[in-house]
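Asks: sharing a sequence plus its predicted fold:
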There are 2 protein chains.
Amino acid sequence: MLSTFPRLGALSIRCKGCYRALTSLAEPSGPQVVTSTVPGPKSIALKNELQEIQNADAVQLFVNYNKSVGNYLVDADGNTFLDVYTQISSLPLGYNHPALVSAVQDPKNVSTFVNRPALGILPPDGHVQRLRSSLLSIAPAGLSEVQTMACGSCSNENAYKAVFINYMARKRGGRAPTQEELESSKYNKEPGSPSISILSFDGSFHGRTFGCLSTTHSKPIHKLDIPAFDWPIAHYPQYKYPLEHFTEENAAEDAKSLAHVEELIGQWQKKGCPVAGLIVEPIQGEGGDNRASDEFYCQLRNLASKNDVVFICDEVQTGCGPTGKWWAHEYWGLSNPPDIVCFSKKMLTGGYFYKSEVRPKEAYRIFNTWVGDPTKLLLLEEVIKVVKNEALLENICKTGDFMLNGMTDLSKKYPVLHNVRGRGTFGAADMPTPKARDKLIKELHLKGVHCGGSGNQSLRLRTALTFERKHAELFLDRLEQVLKIF
Amino acid sequence: MLSTFPRLGALSIRCKGCYRALTSLAEPSGPQVVTSTVPGPKSIALKNELQEIQNADAVQLFVNYNKSVGNYLVDADGNTFLDVYTQISSLPLGYNHPALVSAVQDPKNVSTFVNRPALGILPPDGHVQRLRSSLLSIAPAGLSEVQTMACGSCSNENAYKAVFINYMARKRGGRAPTQEELESSKYNKEPGSPSISILSFDGSFHGRTFGCLSTTHSKPIHKLDIPAFDWPIAHYPQYKYPLEHFTEENAAEDAKSLAHVEELIGQWQKKGCPVAGLIVEPIQGEGGDNRASDEFYCQLRNLASKNDVVFICDEVQTGCGPTGKWWAHEYWGLSNPPDIVCFSKKMLTGGYFYKSEVRPKEAYRIFNTWVGDPTKLLLLEEVIKVVKNEALLENICKTGDFMLNGMTDLSKKYPVLHNVRGRGTFGAADMPTPKARDKLIKELHLKGVHCGGSGNQSLRLRTALTFERKHAELFLDRLEQVLKIF
């Protein structure tokens, strides 16, 4: 495959369906595990070498990215896995998609890969056009502006900064900052460095830098030993499944959470650390694939508006199609869109969309040397073309329904698997214990399926947008083989 | 030049001196400004368009990166500038260097550009080898481990996390965290989320995310309105120039700063927020190119050791050669190296080197989806080859001496320019006021020199490592032309 792909890419065929046909052609017919253990001996040897350089305990496999293709990941030992996890949900089109190969090989793109600019001061002459044909072409309704960043954590960190700058600008009511405000800010002191907060939800994950981490509450391993801001943390609805059997209980959970948010906004105002913004995921993607109802989000959005709290929707994991829409919050049916929508992962670049009201008035408030990477915008432009030309969102809706229905059927036959849930192919199911979940993942690896976990005991599925029914059939087959041994 | 460069790159010539000869060949003989204003009409029009999408007030020029070459930046209006600022010091080899063009065009590298991995769980099979041939091949003496990150802010944020994790692990003395520690950490509460701090220096710049920003104290525009941790901030030596005239005064400044650090460590211990680490730049690169003596840093390092404070050296701006050594702290002559050295910018990838004592024991403590970008390691490997093959560090030492001596001579003739200082071509000089500095930069632009500022009233020079005597001569000529009008 190493030699095949560059050639395929160079064809530069752009007609609808062509890429998918080509990718399918090059994909193997199914997974194949050739070693008796996973990881195999080559991955283990490389991991031991990496351990000399850094803590490599999280490494699962070493990967041959030349040989990986479409929905199939090939490891250093020659094992071929059906990949339903796609680099923690960050590969929109799977491996070595011909459209991306072609973009990298296009001579007119070479200088973009070679010369990384300080984008905030010296953007490329084609930058405005590229923003329009990439990010802005899929901007959530009502959000006309966009800020690029290098990764998901930086996206959220800078969204929080934009919220705080906006809050204090409103508080000053148009007057310039005083000398005292300016000087005290340099030394981390009030009034320049104010006591204001971002409200987040229990179970959420918004990244691992200090601001983000103060709003992340999924697992102690992320948080232990790290100082954090004392910001309010609201109850997130805890649903019972199947949803249709517990309508009343789940509605009560929504109400409990909303009441808690309102209570915290009042409390934090009173204690002198007002809530300037709140952040929420459409599905808690790291915390356990926890869902709340569309109605919940509509009410939360209204509650934020009523209290002058900026509403940030964190779509780092849900954005760019895995739920079957570009943005998962489109399902909510909001009358007033979120004020800020953060993205990264499948979008290839980090960043956030925002309403013009949230734009900082001064230069250099939201800034760093690179503020993103134009090579990622170039690749994103190709991804968007492919998703549109090949109707991949529709594909994900159909494939997702098929896969989640199939998992629901399996859960009836093998009740050890339960709480099947998701949207599109952004899916999950629970096992009875963390140990059972870890065993499930390990056994799926041995059957040639690469997947991951979320929360304490959930199986996490995050496919590429090119994941089709035939792939879902293979996945369900292997899942059933594994469930039989529990 | 658009068509020339890919061809040059494809030659793949690797002999010593060849690349430099080729680059020089393609470079123009000097800058040329063809518009009556800078920015010219095309840059202005594009900026107006970008203003519809985001706050674009910081944008200086739109750049034609296809046509830019070597030490020359070509803007959208066709102006050619000698670039002594190189994307806020982040382009090691200037524009479109043939070695990098060649690397991007090499078919065996295509899959690296197309498939960005979740590096912490699924590294490429060649990753260990690439870490050795890129980052580790220029690791500071005594620092055998390295962690990659996407940008400078993430590098420092994660270095702080490593410091805190290390501090608390030592405090626990080998016992596992208690249930109370684990649970409380999820909710930002003690004891799991402890009150501990990083000491930083007045005037420093360490990035713009919340952890970094709590240690940044250069300008209010970076800090205003953003909540910060209440961490200790020490006096940084304020030197008088020329250094040889003020030996005694400057030594007193060193002593004052060191005494302040020791006092703060004691104070913060007493107030229940012990100093776990301190961070310092070898030259305060954003805060005004402020220097402290090598002796100061040696004593600061010892003081940190004595107090069990982890010593972090922030080489984001000074690292990768601009001072004439790979790492500016090599000049200090430390007997005990820094515990952590952070990098980004010219290194193309963010990250930090560290001593094995600082390695976190558990997986997933220092982690995120991408933890860096292998395409930047691939390019860095080429950069390091070129720097070594072409003796570019020696070039920077020689060119830097020539340039700074020339500036010192000019400052005698035109005393409006003063306090000329620097190491290698990492240079600066002061103007009497911020307004005069801004005018100097503007006039240099009109004469075809692209440069920047640091601090309130300093001219900041950050050339590529390929900057030679002939470029320095051109710069000095244009600088003199401009100084005449003050």
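Replies: Perfect, I can see it now. Numbering: from 1, shown residues only, chains lettered A, B, ... in the order given.
Asks: report whether stretch A:146-162 contacts chain B.
Replies: Yes - Stretch A:146-162 is in contact with chain B by Cβ under 8 Å from any Cβ of the partner chain, via A:146-147, A:150-154, A:157-158, A:160-161. Just so you know, the C-beta spots here come from the backbone N, C-alpha and C atoms, and that holds for glycine as well.
Asks: out of the residues you listed, which are inside helices?
Replies: A:152-154, A:157-158, A:160-161 (DSSP state H).
Asks: chain B: which of those residues is nearest?
Replies: Set against chain B, the nearest of those by Cβ to the nearest Cβ is A:Glu157 (4.4 Å).
Asks: ok, the closest one - contacts?
Replies: A:207, A:209, A:211-212, B:153, B:209-210 (Cβ atoms under 8 Å, 6 or more residues apart in numbering or on different chains).
Asks: quick one: which of those residues is nearest B:Gly203?
Replies: Nearest to B:Gly203 among those is B:Ser153, at 18.1 Å by Cβ to Cβ.
Asks: who are the contact partners of that closest one?
Replies: Counting by Cβ under 8 Å, 6+ apart, B:Ser153 has contacts A:154, A:157, A:209, A:368, B:207-209, B:212, B:350.
Asks: quick one, phi/psi of the residue nearest to the spatial centre of chain A?
Replies: The centre of chain A sits closest to A:Gln317, judged by Cα atoms, centre = their mean, with a distance of 1.4 Å. The phi and psi values for A:Gln317, taken as degrees, to the nearest 10, are phi -100, psi -30.
Asks: next one: A:Tyr354
Replies: phi -160, psi 160.
Asks: does it really touch A:Glu145, like I thought?
Replies: Yes - using Cβ atoms under 8 Å, A:Tyr354 is in contact with A:Glu145, at 5.3 Å.
Asks: the two: which is more packed in?
Replies: Set side by side, A:Tyr354 and A:Glu145 show more neighbours around A:Tyr354, with 28 against 19, by other Cβ atoms under 10 Å in any protein chain shown.
Asks: quick one, what contacts that one?
Replies: By Cβ under 8 Å, 6+ apart, the contact list for A:Tyr354 reads A:143, A:145-147, A:159, A:162, A:339-341.
Asks: do that again at 10 Å, thanks
Replies: Residues in contact with A:Tyr354 (Cβ atoms under 10 Å, 6 or more residues apart in numbering or on different chains) are A:139-140, A:143-147, A:159, A:162-163, A:166, A:310, A:312, A:338-342, A:366, B:54.
Asks: just give the closest residue to it, not the sequence neighbours.
Replies: Leaving aside its sequence neighbours, A:Tyr354 sits nearest to A:Ile340 (Cβ to Cβ, 6 or more residues apart in numbering or on different chains; 4.7 Å).
Asks: please apply the same query to A:Cys313.
Replies: That would be A:Pro338: by Cβ to Cβ, 6+ apart, it lies 4.0 Å from A:Cys313.
Asks: looking at the contacts of B:Ser153, which are in strands?
Replies: Members of these lying in strands (criterion: DSSP state E): B:Gly350.
Asks: what residues does the stretch 201-350 of chain A have near chain B?
Replies: By Cβ under 10 Å from any Cβ of the partner chain, the residues of the stretch 201-350 of chain A that approach chain B are A:202-203, A:207-233, A:273, A:276, A:316-317, A:344-345, A:348, A:350.
Asks: circling back to that earlier point, list buried residues within the residues of stretch A:146-162 next to chain B.
Replies: Restricting the residues of stretch A:146-162 next to chain B to buried positions leaves A:146-147, A:150-154, A:157-158, A:160-161, with burial counted as 16 or more other Cβ atoms under 10 Å in any protein chain shown.
Asks: could you list which of the residues of the stretch 201-350 of chain A next to chain B belong to strands?
Replies: Members of those lying in strands (criterion: DSSP E): A:233, A:276, A:350.
Asks: and those residues, which is closest to chain B?
Replies: Among these, A:Ile233 lies closest to chain B (Cβ to the nearest Cβ), at 5.9 Å.
Asks: check which residues of stretch A:437-446 are buried.
Replies: A:437, A:440-441, A:443-446.
Asks: oh, that last question was meant for stretch A:248-263, not what I typed.
Replies: In stretch A:248-263, counting by 16+ other Cβ under 10 Å, buried: A:250, A:253-254, A:257-258, A:260-261.
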